[in-house]
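Colleague: whatever this is, show me its structure:
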Amino acid sequence: MFTYSLTDRQNEPIYVYLYKMIRTDIAENRIKPGSKLPSKRTLAEHLGVSVITVEAAYRLLADEGYIVSKERSGYFVCSPDNMMLPAVQNSQTSQDAGENAEIDADFPFSTYSKIMRQVLSHYGEALLTKSPHNGCANLRNAVSDFLARYRGMNVSPEQIVIGSGAEYLYGMIVQLLGRNTVYGLEDPSYEKIRLVYEANGAVCEMLPLDAWGIATESLQKTNAKVIHVTPYRSYPTGITAPAAKRFEYLAWAKDNDGIIVEDDFSSEFAVNAKPVETIFSMDKAGRVIYVNTFSKSLTPSMRMGYMILPERLAAEYEKKLGFYSCTVPVIDQYVLAEFISNGSFERHLNRMRRKMKN
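Modeller: I've put the predicted structure just below:
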């Protein structure tokens, strides 16, 4: 029986804490593949919580592919050979278009304009100062705090690079990792990823997808040293890579001295109460570059994004590319930083996610 101490959960909901504890035990093999988990009622009584709390934790684990529910038998820990396949969505293009229109229509103009006036009044001439090459400290700190609260990602502001959208950041990745490196891309995938890589002189190898993500056979045979993946609702297929596939990507990177570029462009709008765990969070060896933007969560016209580099690559980025100027205006960075720091961004995300559920 689990012996988790609920007093260690700090300020997070009990179901999230319980989910994290069980997930860690599965990932570190303390709970073996194929093991049956306690029933919801049994675990609830043991921990002194409600059945609904345990059910919510189990649902998150099932959604991420850590466990599977078998009718009239209970919940069992997954292994790659018994994992349920996520459904492939063929109507993703129209769905994404509808969601983007919805997000644009619900942009929090009044809140954002109020914050802009406050920033202009409070910072004044400081807004005329040139931004550091990797972005203003205010925004990098705000993003770091947000990721810790909302995504469970513990990264220092020094690992974060601010840039004008994902396409700009893709180009910086090529310059950081090298043009002579083969880049493996999902097939099919968002076409601009390949176009940007090739425009920067990189060689791309297209890797076919199966129902989990990049097909295992393709991953094993690729000549790529970098793979660019969109593990949450890959465009245009809608495939979300379950936990076993994400661990497979990490195993590939370890065995081939490779790098994973995790493109996480819309996971804030996961339909569950908690966004899907990132590969970056699962990585223990510093082999994942995480990329995200505010184009999906706020509006495409904002043209702001960020990437998170492993510590060793952050130092190399500073050495090789530190001469670049940040491409996002300082005032835009300060306003967005305040929008995130005061909780407005999370309230906006929660409001939009509730609306998408209905």
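Colleague: can we go C-alpha only for contacts and neighbour counts from here?
Modeller: OK.
Colleague: out of the helices and strands in this structure, which is least certain?
Modeller: Of all helical and strand segments in the chain, the minimum by mean pLDDT, DSSP states H and E falls on helix 92-105, at a mean of 44.
Colleague: so which strand or helix has residue 17?
Modeller: helix 14-27 (DSSP states H and E).
Colleague: how far does that helix sit from its chain's centre?
Modeller: Mean C-alpha position of helix 14-27 versus that of the full chain (Cα atoms, centre = their mean, to the nearest Å) differs by 18 Å.
Colleague: assumed residue 306 was part of a strand.
Modeller: Yes: counting by DSSP: H, G, I helix; E, B strand; the rest coil, residue 306 is found in a strand.
Colleague: which ones are touching it?
Modeller: 160-163, 165-166, 169, 291-293 (Cα atoms under 8 Å, 6 or more residues apart in numbering).
Colleague: try 7 Å
Modeller: With contact set as Cα atoms under 7 Å, 6 or more residues apart in numbering, residue 306 has these partners: 160-163, 291-293.
Colleague: once you drop chain neighbours, what's closest to it?
Modeller: Spatially, and ignoring its direct neighbours in sequence, residue 306 is nearest to residue 162 (4.5 Å; Cα to Cα, 6 or more residues apart in numbering).
Colleague: do residue 209 as well
Modeller: Residue 209 sits nearest to residue 215 (Cα to Cα, 6+ apart), 5.1 Å away.
Colleague: distance of the one you found from residue 227?
Modeller: Residue 215 is 13 Å from residue 227, where distance means Cα to Cα, to the nearest Å.
Colleague: swap in residue 138?
Modeller: 31 Å.
Colleague: again with residue 311
Modeller: The value you get for residue 311 to residue 227, if Cα to Cα is used, is 19 Å.
Colleague: which one of those two has more residues nearby?
Modeller: Comparing residue 311 with residue 227 by other Cα atoms under 10 Å, the one with more neighbours is residue 227, at 26 against 16.
Colleague: what residues of stretch 58-74 count as buried?
Modeller: 58-69 (16 or more other Cα atoms under 10 Å).
Colleague: which other residues reach that stretch?
Modeller: Residues from elsewhere that reach stretch 58-74, judged by Cα under 7 Å, 6+ apart: 19, 23, 39, 75-78, 83, 242-243, 276.
Colleague: same thing with stretch 323-331?
Modeller: By Cα under 7 Å, 6+ apart, the list of residues contacting stretch 323-331 reads 127, 131-135, 163-164, 304.
Colleague: compare those and tell me which has the most neighbours.
Modeller: Ranking the contacts of stretch 323-331 using other Cα under 10 Å puts residue 134 first, with 26 neighbours.
Colleague: coming back round to it: alpha carbons only: can I get the helix holding residue 17 in PDB?
Modeller: Extracted in PDB, the C-alpha atoms of helix 14-27 (Å, rounded to 0.1, in the frame of the first residue of the first chain):
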ATOM      1  CA  ILE A  14      -4.200  16.500  -3.300                       C
ATOM      2  CA  TYR A  15      -5.000  14.700  -6.500                       C
ATOM      3  CA  VAL A  16      -2.100  16.400  -8.300                       C
ATOM      4  CA  TYR A  17       0.300  15.400  -5.500                       C
ATOM      5  CA  LEU A  18      -1.000  11.800  -5.500                       C
ATOM      6  CA  TYR A  19      -0.700  11.600  -9.300                       C
ATOM      7  CA  LYS A  20       2.900  12.900  -9.100                       C
ATOM      8  CA  MET A  21       3.900  10.400  -6.400                       C
ATOM      9  CA  ILE A  22       2.500   7.400  -8.200                       C
ATOM     10  CA  ARG A  23       3.900   8.600 -11.500                       C
ATOM     11  CA  THR A  24       7.400   8.900 -10.000                       C
ATOM     12  CA  ASP A  25       7.200   5.400  -8.500                       C
ATOM     13  CA  ILE A  26       6.200   4.000 -11.900                       C
ATOM     14  CA  ALA A  27       8.900   5.900 -13.800                       C
END
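Colleague: return the distance of the residue nearest to residue 209 relative to residue 208.
Modeller: 6 Å.
Colleague: repeat that for residue 346.
Modeller: Remark: distance between residue 346 and residue 208 (Cα to Cα) = 35 Å.
Colleague: CA atoms of the next helix or strand after the helix holding residue 17 as CSV?
Modeller: Per DSSP H and E, helix 14-27 leads on to helix 40-47 as the next helix or strand towards the C-terminus. The C-alpha coordinates for helix 40-47 follow below in CSV (Å, rounded to 0.1, in the frame of the first residue of the first chain):
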residue,chain,number,x,y,z
LYS,A,40,-10.1,3.8,-5.8
ARG,A,41,-12.1,3.2,-2.6
THR,A,42,-9.3,1.2,-0.9
LEU,A,43,-6.7,3.9,-1.6
ALA,A,44,-9.1,6.7,-0.6
GLU,A,45,-9.8,5.0,2.8
HIS,A,46,-6.1,4.4,3.3
LEU,A,47,-5.0,8.0,2.7
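Colleague: hmm, who's touching helix 40-47?
Modeller: Residues from elsewhere that reach helix 40-47 (Cα under 7 Å, 6+ apart): 50-51, 54-55.
Colleague: my guess is residue 288 contacts residue 261, does it?
Modeller: Yes: using Cα atoms under 7 Å, residue 288 is in contact with residue 261, at 5.9 Å.
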